[in-house]
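**Q** give me the fold of what follows.
(2 chains)
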Number of protein chains: 2
Amino acid sequence: MKEKGETYVSSTQISRQINIDASQIAKDLSYVNITGRTRVGYEIDRLIQVLEDFLGFTELHRAYLFGVGNLGGALLSDAGLAHFGLQIVGAFDVDPRLVGTAIHGIPIYHSDDFERRMQADGVSIGVLTVPINFAQQVTDKMVAGGIRAIWNFTPFRIRVPEHIVVQNTSLYAQLAVMFNRLNETEKNNLSV
Amino acid sequence: MKEKGETYVSSTQISRQINIDASQIAKDLSYVNITGRTRVGYEIDRLIQVLEDFLGFTELHRAYLFGVGNLGGALLSDAGLAHFGLQIVGAFDVDPRLVGTAIHGIPIYHSDDFERRMQADGVSIGVLTVPINFAQQVTDKMVAGGIRAIWNFTPFRIRVPEHIVVQNTSLYAQLAVMFNRLNETEKNNLSV
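**A** Residues are numbered from 1 along each chain as shown, chains lettered A, B, ... in the order given. Next comes the predicted model:
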């Protein structure tokens, strides 16, 4: 709407676009520092600013990635993450063919160098893309080194101290759920 | 455990490894076709087979990817998806610099060729990685062409007919949640 030159947007308009109740939208927006004008709505520029701030997209969060396999390498290549506030400044692996190289300009270090680099780089987030059987071990190392939030792409339920934030995003678990729902739907369609 | 030469595993052992109640594990496993032996547990080979079948990982599901941007390109490069049953056999985009090329051996076609290719390729799953403002339009096209399940990586809540399966995986939404929880944790730690 901003690109189309609009200045104001109402919760009803947002509601129609994203398919969520207008009352829910008004309620959600009451959590951020913006007030709408009756019959006009919210100022679009201000709304974007306030939401991007709230979501943490305007601040760059420095991160390390652990495990440069298929998925890890793919995430290093995804420039989109930086647009949403995640700046991966280094990656760690033990594979001698990878250590010393870079992907998309992001240097790959040996896992043994993590604690030393951590002192210099001031990183708070760790992206976990190691094989499942190393997930806990690498998590423990991250936490000991001072990582405060872990984006866990493994299907393993990692254990962390209470003050550490864990965000679980298992692509393969999501795939399994999708396959199952697809199978169920096909079965139901056949039996009709 | 299989790699270590073990033949049986008990729900208690699984429980300890993945940090979930043993009773919940026994309950979950009652949904698949396996029975454990008292004091011994489940036969590991059979358990793996039964679970991989149930999760849909042993069957290859053919898929198309729509939108070869940062994330789309990254997913094409992720060979791990094929190991979990998702075989991306083609991608679609409108960018003339991409159309006619291939990533990781997967050909990129022009979006206009989708319906024609669909006849030949027999694909049931669409991976949606287009920019958010094209999400609904491309979804409608997928559904019209015969796609039966959509793995939606955009933060947009796409609308589909009832018989279509949608699996939402917005990496950027998950990032936002992680940033927020990290900020909350830091605030609490400071105020202590």
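
**Q** in chain A, which spans are strands?
**A** A:8-9, A:42-43, A:61-66, A:86-93, A:102-103, A:106-110, A:125-128, A:149-152, A:165-168 (DSSP state E).

**Q** can you redo the ones you listed as JSON lines with mean neighbour count and mean pLDDT?
**A** Glycine gets a C-beta too; all of them are placed from N, C-alpha and C. Listed next are these as JSON lines, based on neighbours: other CB atoms under 10 Å in any protein chain shown; pLDDT from 0 to 100:
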{"stretch": "strand A:8-9", "mean neighbour count": "18", "mean pLDDT": "94"}
{"stretch": "strand A:42-43", "mean neighbour count": "20", "mean pLDDT": "94"}
{"stretch": "strand A:61-66", "mean neighbour count": "23", "mean pLDDT": "96"}
{"stretch": "strand A:86-93", "mean neighbour count": "22", "mean pLDDT": "96"}
{"stretch": "strand A:102-103", "mean neighbour count": "15", "mean pLDDT": "95"}
{"stretch": "strand A:106-110", "mean neighbour count": "17", "mean pLDDT": "97"}
{"stretch": "strand A:125-128", "mean neighbour count": "26", "mean pLDDT": "98"}
{"stretch": "strand A:149-152", "mean neighbour count": "23", "mean pLDDT": "97"}
{"stretch": "strand A:165-168", "mean neighbour count": "19", "mean pLDDT": "95"}
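
**Q** name the helices or strands packed onto the longest helix seen in chain A?
**A** Looking across chain A with DSSP state H, the single longest helix is helix A:171-191. Applying 3 or more CB pairs under 8 Å, 6 or more residues apart in numbering or on different chains; DSSP states H and E, one finds that helix A:171-191 contacts helix B:44-55, helix B:80-83, strand B:149-152, strand B:165-168.

**Q** rounded mean pLDDT for it, please.
**A** In this model, helix A:171-191 has a mean pLDDT of 84.

**Q** got the contact list for it?
**A** Surrounding helix A:171-191, the residues in contact under the criterion CB atoms under 8 Å, 6 or more residues apart in numbering or on different chains are A:71, A:153, A:155, B:54-57, B:59, B:61, B:80-81, B:84-86, B:124-125, B:148-149, B:151, B:163, B:165, B:167, B:169.

**Q** re earlier: can I get the strands of chain A in CSV with distance to chain B?
**A** Shown next, in CSV, are the strands of chain A (distance: least, CB to the nearest CB, whole Å):
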stretch, distance to chain B
strand A:8-9, 15
strand A:42-43, 19
strand A:61-66, 6
strand A:86-93, 6
strand A:102-103, 10
strand A:106-110, 13
strand A:125-128, 7
strand A:149-152, 4
strand A:165-168, 4
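
**Q** tell me the domain ranges of chain A?
**A** Using automatic domain parsing, the domain parsing of chain A gives A:8-55, A:61-172.

**Q** just those: most buried one?
**A** domain A:61-172 (a mean of 18; mean count of other CB atoms under 10 Å in any protein chain shown).

**Q** straight-line length of it, end to end?
**A** In domain A:61-172, first residue to last residue: 26 Å (CA to CA, to the nearest Å).

**Q** ok now that domain, how far from the chain's centre?
**A** Put simply, domain A:61-172 sits 12 Å off its chain's centre (CA atoms, centre = their mean, to the nearest Å).

**Q** circling back to that earlier point, what would the domains of chain A look like in a markdown table with distance to residue B:21?
**A** Listed next are the domains of chain A as a markdown table, based on distance: least, CB to CB, whole Å:
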| stretch | distance to residue B:21 |
| --- | --- |
| domain A:8-55 | 34 |
| domain A:61-172 | 12 |
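
**Q** quick one: which of the ones you listed has the weakest pLDDT on average?
**A** Lowest mean pLDDT within the domains of chain A: domain A:8-55, at a mean of 89.

**Q** what is the end-to-end distance of that domain?
**A** Domain A:8-55 has an end-to-end distance of 21 Å (CA to CA).

**Q** between the helices and strands packed on helix A:171-191, which one is nearest to residue B:23?
**A** Each of the helices and strands packed on helix A:171-191 has some distance to residue B:23 by CB to CB; the shortest is helix B:44-55, at 17.4 Å.

**Q** how big is the angle separating the closest one from helix A:171-191?
**A** Angle of helix B:44-55 versus helix A:171-191, following axes from the mean of the first three to the mean of the last three CA atoms, to 10 degrees, is 70 degrees.

**Q** and helix B:44-55, what does it pack against?
**A** helix A:171-191, strand B:8-9.

**Q** which positions in the first one come out as buried?
**A** When neighbours are counted by 16 or more other CB atoms under 10 Å in any protein chain shown, the buried residues of helix A:171-191 are found to be A:171, A:172, A:174, A:175, A:176, A:178, A:179, A:182, A:183, A:185.

**Q** on that earlier part again, what angle sits between the longest helix of chain A and strand B:86-93?
**A** Using the same axes, to 10 degrees: helix A:171-191 against strand B:86-93 is 90 degrees.

**Q** helix A:171-191 to strand B:61-66, inter-axis angle?
**A** Here helix A:171-191 runs at an angle of 110 degrees relative to strand B:61-66 (the same axes, to 10 degrees).

**Q** how far is helix A:171-191 from where the chain is centred?
**A** Chain-centre distance of helix A:171-191: 25 Å, with CA atoms, centre = their mean.

**Q** next: stretch A:14-25.
**A** 24 Å.

**Q** got the CA positions of it in PDB?
**A** The C-alpha coordinates for stretch A:14-25 follow below in PDB (Å, rounded to 0.1, in the frame of the first residue of the first chain):
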ATOM      1  CA  ILE A  14      -5.300  -5.200   6.800                       C
ATOM      2  CA  SER A  15      -7.900  -7.800   7.800                       C
ATOM      3  CA  ARG A  16      -9.000  -8.400   4.300                       C
ATOM      4  CA  GLN A  17      -5.400  -8.700   3.000                       C
ATOM      5  CA  ILE A  18      -4.100 -11.200   5.600                       C
ATOM      6  CA  ASN A  19      -7.300 -13.000   6.400                       C
ATOM      7  CA  ILE A  20      -7.300 -12.300  10.100                       C
ATOM      8  CA  ASP A  21     -10.200 -10.800  12.100                       C
ATOM      9  CA  ALA A  22     -10.000  -6.900  12.300                       C
ATOM     10  CA  SER A  23     -10.700  -7.000  16.000                       C
ATOM     11  CA  GLN A  24      -7.600  -9.300  16.500                       C
ATOM     12  CA  ILE A  25      -5.500  -6.900  14.400                       C
END
